[in-house]
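*Asks:* Show me the folded form of this:
(one chain, ligands or ions: 1)
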Amino acid sequence: MLRVSVLVSGGGTNLQAIIDAVENGSLAGVKIVSVISNNRNAFALERAGKHQIPAILLSPGDFPDREQYADALISSLKETETELVVLAGFLVVIPPRVIEAFPNRIINIHPSLIPSFCGKGCYGLKVHEMALARGVKVTGATVHFVDAGTDTGPIILQKAVEVLPDDTPEILQRRVMEEAEWKLLPEAIGLIAAGRVEVVSGKAVIRKS
Ligand code: GRF
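*Replies:* From the prediction side, this is the model:
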């Protein structure tokens, strides 16, 4: 069993996709051992509660400094014997010490085809606003390992999604979630649980089953 903690800040539709995949058996060999949020009002915490998954509130603002916040995150992840950390709409920058404690064991979902529309300040609806402003005809989502940079870690999976002429950022965001994010994130976790992903020379390699 791969022990997974999911870090969230908002609605948690990606978390829900993971929970559903675990419960319907399409994501085998995975146990969600905790859901951690920086935001006490995150609906994602309610989703966790409904499925009897421990929901933990850890907000940087509740700690005297970033070091103590990093300590609390690491302690929580170690207590639950977390093996894989999944950032599913987590809006806090992960402290470097946490990344060092879980090398190639933290993954993130980003709502564009990296390296387009990513990096500092590119999150949420902004990503889709940028894609529409640039006039791209195809966007998508990316699951990648988290390294010390912003959206710079090894890419595990990507899926393209068409941009349509009448799209608003909200409509495009929804399509990217439905057609890409909610499929890609459980799929990436499944590949990692099956031991099929390794990082070689800074790139994620997926071995055939
Ligand atoms: C998603 O678009 C994800 O790609 C981004 O934040 C959003 C989270 O949505 N990182 P949700 O909380 O999973 O509904």
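*Asks:* Report whether stretch 111-130 contacts the ligand.
*Replies:* Yes. Using C-beta under 6 Å from any ligand atom, stretch 111-130 comes into contact with the ligand via 111, 124. For the C-beta atoms, the positions are set from N, CA and C on the backbone; glycine is no exception.
*Asks:* So which bits of that stretch are buried?
*Replies:* Buried residues in stretch 111-130, counted by 16 or more other C-beta atoms under 10 Å: 111-114, 116-118, 122-123, 127-130.
*Asks:* Kindly report the same for stretch 12-25.
*Replies:* 12-19, 21-22.
*Asks:* Pick out the most distant pair among those residues.
*Replies:* Spatial extent of the buried residues of stretch 12-25 (C-beta to C-beta) is set by the pair 13 and 22 at 15.2 Å.
*Asks:* What is the nearest of the buried residues of stretch 111-130 to residue 205?
*Replies:* Among these, and counting by C-beta to C-beta, the member closest to residue 205 is residue 114, at 16.9 Å.
*Asks:* Filter the buried residues of stretch 12-25 to keep only those in contact with the ligand.
*Replies:* Restricting those to those near the ligand - C-beta under 6 Å from any ligand atom - leaves 12-15.
*Asks:* Give me the subset of those residues lying in helices.
*Replies:* 13-15 (DSSP state H).
*Asks:* Nearest residue to the residue in the chain that the ligand sits nearest to in space, please, no chain neighbours.
*Replies:* Residue nearest to the ligand within the chain (C-beta to the nearest ligand atom): residue 89, separated by 2.5 Å. Setting aside the residues directly before and after it, residue 89 is nearest to residue 10 in space (C-beta to C-beta, 6 or more residues apart in numbering), at 5.1 Å.
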